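Chemist: here you go, sequence then predicted model.
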Amino acid sequence: MLNRFWIALLFVVSWHVGVLDASAGDVDARYRACVKECQETGCVGERCFPHCKFSSKGVPFDGPWYMQEPLYLKWKQWDCQGDCRYHCMIDREKEREALGTGPVKYHGKWPFKRVYGIQEPVSVVFSALNLAMHFHGWLSFFILLYYKLPLKQDRKAYYEFAGLWHIYGLLSLNSWFWSAIFHSRDVDLTEKLDYSSAVALLGYSFILSILRSFNVKAEASRVMVAAPFLSFIATHIMFLNFYKLDYGWNMKVCVVLAVAQLLIWAIFAGVTRHPSRWKLWLVVVGGGLAMLLEIYDFPPYQGFVDAHALWHATTIPLTYIWWSFIRDDAEFQTSNLLKKAK
Ligand SMILES: [Zn+2]
């Protein structure tokens, strides 16, 4: 009896795992037939794609690396599959619109219209603006620390969190760079790079929120606080890359990391007498509202602006306020340290 229960449970679980990968759009029989035909003939209706002429000789995609084709052939295959899926999706969405039904997701993504071959142009523009904002923020922080504020005798900054914020700046630049690439061209590699960079940034900023708000200054204590979280984040990134890119699970991990650090900053803003705590409040409230956009996902308006793109838009002003808080913190802490020294 018990055995049968476990077999049934295993069956249900494995069926769900299989279904999770598919979306309403790509389980549709007409869409599937269209993609299959396109990959054989290289055409959807009148449109034909040159990449599909160099199709593989039946070498499996996910075999061991030494069995796979050279990278340039793989790119061609990806191009062929990408073009087939895109044009079949656009055709299918036109049919659905004529029938009066709303858009559905394909392979976990909403149907977006390409502009000059760029998949989600609005998200690319916003990602680039976030990148620019982080660069501006980090550069002005750097100039403040090393050219405007007084330095110690060994030419190091008084501010004890300088190094941690520099790493934060680098991880942010890296994350928004890959976000812009991923939204221009969504293939397996760019997707993994974007997800991994985002998780690394989110995990690191979570650790940083603990270190700064509890004012952890000793190197040994910092290592002790960070170690368990760092190992969890590293394991999670490896899980996504080498085991399974599980969107649902990754979303949960990211939401927990994001909510936890917003709460930590909110509590810090509530108890501290930091002169710039109102900037923290702005970022916490703004960040919380922006996160709703990422969770309540809606289809792209006119095929361009979806919840995710809007979420990337909201982080642009928040990034500006955030770096301004970091600069204020550096100034405030430096003047406190100098007062103590006198
Ligand atoms: Zn994105």
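Modeler: Everything's here; your move.
Chemist: now do the contacts for residue 192.
Modeler: By C-beta atoms under 8 Å, 6 or more residues apart in numbering, the residues touching residue 192 are 240-241, 245. Just so you know, the C-beta spots here come from the backbone N, C-alpha and C atoms, and that holds for glycine as well.
Chemist: ranking by neighbours, what's the top pick from those residues?
Modeler: residue 240 (20 neighbours; other C-beta atoms under 10 Å).
Chemist: follow-up on the earlier one: what is the nearest of the contacts of residue 192 to residue 90?
Modeler: Set against residue 90, the nearest of the contacts of residue 192 by C-beta to C-beta is residue 245 (25.0 Å).
Chemist: and that closest one, that's in a strand?
Modeler: No. Under DSSP: H, G, I helix; E, B strand; the rest coil, residue 245 sits outside any strand and is assigned coil.
Chemist: so it makes contact with residue 191?
Modeler: Yes. Counting by C-beta atoms under 8 Å, residue 245 does reach residue 191; the two are 7.1 Å apart.
Chemist: ok, the spatially most central residue of the chain to residue 45 distance?
Modeler: Computing the C-alpha centroid of the chain and ranking residues by C-alpha atoms, centre = their mean puts residue 198 first, at 4.0 Å. Residue 198 sits 37 Å away from residue 45, going by C-beta to C-beta, to the nearest Å.
Chemist: how close does residue 232 sit to residue 192?
Modeler: According to C-beta to C-beta, residue 232 and residue 192 sit 19 Å apart.
Chemist: what does residue 335 give?
Modeler: 44 Å.
Chemist: and if you look at residue 333?
Modeler: Distance, residue 333 to residue 192, using C-beta to C-beta: 38 Å.
Chemist: quick one: terminal-to-terminal distance for stretch 108-115?
Modeler: 20 Å (C-alpha to C-alpha, to the nearest Å).
Chemist: list the backbone torsions phi and psi for residue 119.
Modeler: For residue 119, the backbone dihedrals are phi -70, psi -50 (criterion: degrees, to the nearest 10).
Chemist: tell me, how many residues neighbour it?
Modeler: Neighbourhood size, residue 119 [other C-beta under 10 Å]: 19.
Chemist: and it, what does it touch?
Modeler: Contact analysis of residue 119 by C-beta under 8 Å, 6+ apart lists 112, 183-186.
Chemist: got it, and residue 107?
Modeler: When contacts are counted by C-beta under 8 Å, 6+ apart, residue 107 touches 22-23, 25-26, 85.
Chemist: out of these, which are buried?
Modeler: Buried members of the contacts of residue 107, scored by 16 or more other C-beta atoms under 10 Å, are 23, 25-26, 85.
Chemist: okay, who's weakest in those residues by pLDDT?
Modeler: Among these, residue 23 carries the lowest pLDDT, at 76.
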